[in-house]
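Novice: Sequence and predicted model, in that order:
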Amino acid sequence: MTATNLTSSKPPMNVLFLCTGNSARSILAEAIMNRYGRGRFRAFSAGSMPTGVVNPHALALLKGLDYPTEGFRSKSWDEFAAPGAPKMDFVFTVCDDAASEVCPIWPGQPISAHWGVPDPARAKGSPAEIGVAFADTYRMLHNRIGLFLNLPMDTLDRMSLQHRLGEIGRSVDEPAAAAPPAGAA
């Protein structure tokens, strides 16, 4: 998947990735979406009970993949439900705990879906084994975001889009790599 280089007169759509701690999965998803959805989407992340710190393994993985890592912080989802917060077009939960919690009321009635993936922060073992857990989580999120970026947004009505987003979250046998977004260079 390569970064999109589409120029559009439409402002980017906002995407919020939610997880309980906002320390690993949601941070990875935010980074991936901001890289590959650039120009079309702007991603944010938050947690229902933020840890207050970004997991160092998540930051190391992103740095190793040449992502910018400055500015990431573990923050509450309340920031995005407050007056003056960016209006979200999409909200994705990436952990089962956050999906089962009562979320704030998001301004603008964004389309939401659950894209649960295992929590790499709970991985035990050697540094290599923990690294593999983070790499697997990255791969799953990368694949799902790739599928999302390839959806024909302009031709899907809200109900069809909601259905497709749910299918992406239920994907079990994910492809080894998602196809690059349409129009990607």
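Specialist: It's in. Computed from a prediction, not measured in an experiment: that's the story for all the values here.

Novice: and the longest helix seen in the chain, what other elements does it pack with?
Specialist: Under DSSP state H, the helix in the chain containing the largest number of residues is helix 127-149. For helix 127-149, the contact count by 3 or more C-beta pairs under 8 Å, 6 or more residues apart in numbering; DSSP states H and E identifies helix 25-36, helix 56-64, helix 158-170 as packing neighbours. Every residue, glycine included, has its C-beta placed from N, CA and C.

Novice: Spatially nearest residue to residue 133 (excluding sequence neighbours)?
Specialist: Counting by C-beta to C-beta, 6 or more residues apart in numbering, residue 133 lies nearest to residue 123, which is 3.5 Å off, once chain neighbours are set aside.

Novice: Let's see the pLDDT reported for the one you found.
Specialist: Here the pLDDT value assigned to residue 123 is 94.

Novice: ok, how many other residues are close to residue 31?
Specialist: Residue 31 has 25 neighbouring residues, counting by other C-beta atoms under 10 Å.

Novice: what's the neighbour count on the residue nearest to it when sequence neighbours are not counted?
Specialist: Distance criterion C-beta to C-beta, 6+ apart; nearest residue to residue 31, sequence neighbours excluded, is residue 67 at 4.9 Å. Neighbour count for residue 67, taken as other C-beta under 10 Å: 16.

Novice: mind checking how far residue 67 is from residue 107?
Specialist: 29 Å (C-beta to C-beta, to the nearest Å).

Novice: One more: residue 91?
Specialist: Counting by C-beta to C-beta - residue 91 and residue 107 are separated by 11 Å.

Novice: Looking at these two, which one has more neighbours?
Specialist: residue 91 (22 against 15).

Novice: For the closest residue to that one other than its chain neighbours, grab phi and psi.
Specialist: Of all residues not flanking residue 91 in the chain, residue 112 sits nearest, at 4.3 Å (C-beta to C-beta, 6+ apart). Main-chain dihedrals, residue 112, degrees, to the nearest 10: phi -130, psi 160.

Novice: OK, contacts around residue 57?
Specialist: 24, 120-121, 130-131, 134 (C-beta atoms under 8 Å, 6 or more residues apart in numbering).

Novice: what does residue 135 give?
Specialist: residue 61.

Novice: any weak-confidence spans in the protein?
Specialist: 1-8, 97-105, 172-185 (pLDDT under 70).
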